[in-house]
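1. coords please:
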Amino acid sequence: MLQKQSENGMEGDDEREEESQEENSEAEEEEEEDEPRLKYQRMGGSVPTLLQSDAASCIAVAERMIALGTHSGSVHILDFIGNQVKEFTAHTAAVNDICFDIEGEYIGSCSDDGSVVINSLFTEEKMKFDYHRPMKAIALDPDYARKSSRRFVTGGLAGHLYFNVKKWIGYRDQVLHSGEGPIHVVKWRSSLIAWANDAGVKVYDAANDQRITFIERPRGSPRPELLLPHLVWQDDTLLVIGWGTSVKIASIRTNENTGANGTYKHIPMSSMNKVDIVASFQTSYFISGIAPYGDSLVVLAYIPGEEDGEDFSSTVPSRQGNAQRPEVRVVTWNNDELATDALPVHGFEHYKAKDYSLAHVPFSVIAKPRDAEDHISWLLQHGWHEKALEAVEAGKGRSELVDEVGSRYLDHLIVERKYAEAASLCPKLLRGSASAWERWVFHFAHLRQLPVLVPYMPTENPRLRDTAYEVALVALATNPYFHKDLLSTVKSWPPVIYSVLPVISAIEPQLSTSSMTDALKEALAQLYVIDGQHEKAFALYADLMKPDVFCFIEKHNLHDAIREKVAQLMMIDCKRAIPLLIQHRDLISPQDVVSQLMAANNTFDFRYFLHLYLHSLFESYPDAGKDFHDMQVELYADYDTKMLLPFLRSSQHYTLEKAYDICVKRDLLREQVFILGRMGNSKQALSVIINKLGDIEEAIEFVSMQHDDDLWEELIKQCLNKPEMVGVLLEHTVGNLDPLYIVNMVPNGLEIPRLRDRLVKIITDYRTETSLRNRCNDILKADCVNLLIKYYKEARRAICLSNEEDDARSKRDKNWASQFAEKSLSMKSMEVKSKTRGGARCCVCFDPFSIQNVSVIAFFCCHAYHKTCLVDSTISITQQQKKPPTPTKSSDELSYYEYDNGDAEDDEEEDTSSGSPKMRCILCTTAAG
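-> This next block holds a predicted model:
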């Protein structure tokens, strides 16, 4: 029975003993305990000693220190552990508020003695301002240390909010607001100043010197002197207000107008600032403090006792002890509680809401976020291994915690039979230990859960033994649900880490069974490739219809193997298969291809692929598939009728009768005409053209190609009953048939459309044709005469026969003068003997040509001379005519065209053109003279 994979591993029995567990219905389920989001510690160091003799009245926190104000008027600077770093004796009465600048370099404080003191933490600089009335709130300019203006705001029971600025003549106070009761709290962020009085909350923009908004005090809230309002800036535009049981979050938006060059400029108008209340909710408790916490809020909640209710009339701590423990609550802007922590405060029963503050409480408790190790320890204590592991994975805890948490969690998952989760954790828990990995591999195999571990098994760092990988692959191969995982594993694992033969041996018996899947076939093909059995791999790839099988064939030169896989290759990609089959037709003949395609007629449209193959084969090698041309005619008729006629014209290996029957069945008229013409049945072909195609021009072309006068008469007879065809026939028969013959055969009374125009065209065409013929004849005669003259002139020229022609051409003109002088002195007058034919002798010296090894000059008049004899005779004749001696070229310099047997006029022309006498046949020239 096959095992199926579930979320926790493989379903089925493992080999562990299954212990029967009885359900205990009476067992009580423990309620899950929420982990606190913050951790708390009581401040130590110098704080307990300081508070033994004095009481804390206010507190402020900077980035690196804490400031604690007391009822005696002192300001103590502490580190976060509680050790005192510095002390200022600033006031004579209780300190009501403390404020740091953003750099943590200055601290300001105000007191009931009416004074405001600003001290530098790192220098001796100190400034004191006296307002003569108790001051309750102070806020320094965030950039106090960096600006020379030394600005701050303060207010108190007098109801005035003072804005103090250092001018060139000294410090100057400006009253920003007054007349609405005491100033209870003031906060400064960027250029925005927010303060609260009896009427509500106001916001002032110090940069633009304008008041932005007023937010009314919540209705029903206790008087500010009984329960102070709380203001805190979350960022430069968000103000969080906590007052009584109401929480509001205001968003201050400053509109900006575009100035020159795309810059922005502020418009100092109150209408340009907008304030939106983006969140507002009521609480079931009184707010003793509020602060932002990421995207949430931290609220210090005071929950009165049932008997106390909401009585704020008394300022004295209750002695009845009905108040509940104060709580720190983390809530969203929609008042959804994310966490609630009760503070371990001693004597909480006797205190009112105003006695607590989120930054100042009389018991000096510091709350801060819990770190990662606190969180992990708490999770392990409560048995939440998964969450503990997630915390460890975050990398915030010590590295030693990984082994501790991992080992405990892995054992827990195995006990719970959550095998998939355990497998996914192994890379993190086992890491680089090869022995640990092998132990767990065989343990999962023992539990029959190895397939869930395979995706996480390492292939290097560490590399396991070959057996471990082989066992894993066999486990995947024996379960059809993991065959896809087997394929991906074989592709991803390096082949060198295992032996493929054991895996192949485990898969091959499944080839003929129902458990064989395509994924298993592909995996087996991959294993064959690794083992070098490429032909077996190709057979599987072809059965799987893999598109890259053609690249596989070329890569491994498997052209012999394609013989049995023609149909599969055609179905995969016929455009690539057909050129491959044609290129290797010596390995697989067209007969084999056709037979395989016809044998696969039940799986696909084999006739279409057969048409594509035979068409490509015919285009490349027209005679290679001649045995199938009869079949190809039918295939063209079914799939590509446009190519049928070119095929019929090109091929000589199809049966005309069969082809004609196919064309008749499919009503292919032009193909019928061609076949009938090839069969010699021209009259029937002409009848098809005229009666079915109705194309008289094609009929005329067909008859013209047949060169049969009887066919012209047949064409005329079949057109006589069709007046339009008679008119077209008259237009196109000029040059082929006498138009008068057609006109005489037309029956009387037959109305031929546009007969007059057509007769005019016939006569015009006839005249044009006659004129062209006459002009062509004139041109032909002139060309004949010119060619005969040219032939005559060429025939008068001589031919030089010499074995030393190349040597003679290499001589230069520099020897010409000396040679001519020597010959002229030794030359004597000689009598030229007439001889009609020279035979094999020179016509001057009558010596046979074979005696002297000199060049021979032969003329077309059948006279021949030694070259030297001809030159000497020419010079002698020239001297006898008493012409001035002119240097002539040597016999070696005479070219083919300088030997002439022409008449006097031609001689004169040639002499004029060349500037030197030409050599002529002596006998013919003398006879002519």
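2. so where's the stretch 151-300 of the chain shaky on pLDDT?
-> Along the stretch 151-300 of the chain, the model assigns pLDDT under 70 to residues 254-273.
3. do the stretch 601-750 of the chain as well
-> Flagging of the stretch 601-750 of the chain using pLDDT under 70 yields the residue ranges 602-604, 696-697, 704, 707-710, 713, 716, 720-721, 723-724, 726-750.
4. all helices of it, in order?
-> Defined through DSSP state H, counting those that start in this stretch, the helices belonging to the stretch 601-750 of the chain, from first to last, are 606-620, 629-639, 644-650, 656-665, 669-679, 682-687, 696-706, 709-719, 723-732, 739-745.
5. could I get those as JSON lines with distance to residue 514 and mean neighbour count?
-> (Glycine included, C-beta is placed from N, CA and C.) Formatted as JSON lines, the entries for these read as follows, by distance: least, C-beta to C-beta, whole Å; neighbours: other C-beta atoms under 10 Å:
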{"stretch": "helix 606-620", "distance to residue 514": "28", "mean neighbour count": "19"}
{"stretch": "helix 629-639", "distance to residue 514": "39", "mean neighbour count": "20"}
{"stretch": "helix 644-650", "distance to residue 514": "48", "mean neighbour count": "17"}
{"stretch": "helix 656-665", "distance to residue 514": "46", "mean neighbour count": "17"}
{"stretch": "helix 669-679", "distance to residue 514": "52", "mean neighbour count": "20"}
{"stretch": "helix 682-687", "distance to residue 514": "62", "mean neighbour count": "18"}
{"stretch": "helix 696-706", "distance to residue 514": "64", "mean neighbour count": "19"}
{"stretch": "helix 709-719", "distance to residue 514": "72", "mean neighbour count": "17"}
{"stretch": "helix 723-732", "distance to residue 514": "73", "mean neighbour count": "19"}
{"stretch": "helix 739-745", "distance to residue 514": "82", "mean neighbour count": "13"}
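6. in a markdown table: these, plus distance to residue 870.
-> As requested, the helices of the stretch 601-750 of the chain are arranged in a markdown table below (distance: least, C-beta to C-beta, whole Å):
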| stretch | distance to residue 870 |
| --- | --- |
| helix 606-620 | 66 |
| helix 629-639 | 72 |
| helix 644-650 | 64 |
| helix 656-665 | 73 |
| helix 669-679 | 68 |
| helix 682-687 | 69 |
| helix 696-706 | 62 |
| helix 709-719 | 64 |
| helix 723-732 | 66 |
| helix 739-745 | 67 |
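7. so which of the ones you listed is nearest residue 473?
-> Taking C-beta to C-beta, helix 606-620 is the member of the helices of the stretch 601-750 of the chain nearest to residue 473, at 38.3 Å.
8. just how off-centre is the closest one within its chain?
-> Chain-centre distance of helix 606-620: 37 Å, with C-alpha atoms, centre = their mean, to the nearest Å.
9. same question, stretch 848-866
-> Centroid displacement of stretch 848-866 relative to its chain, using C-alpha atoms, centre = their mean, is 87 Å.
10. could you list the buried residues of it?
-> For stretch 848-866, a neighbour-count test (16 or more other C-beta atoms under 10 Å) marks 849, 854-859, 861, 863-866 as buried.
11. now swap in stretch 105-125 and tell me
-> Residues 105-119, 121 are the ones in stretch 105-125 that count as buried (16+ other C-beta under 10 Å).
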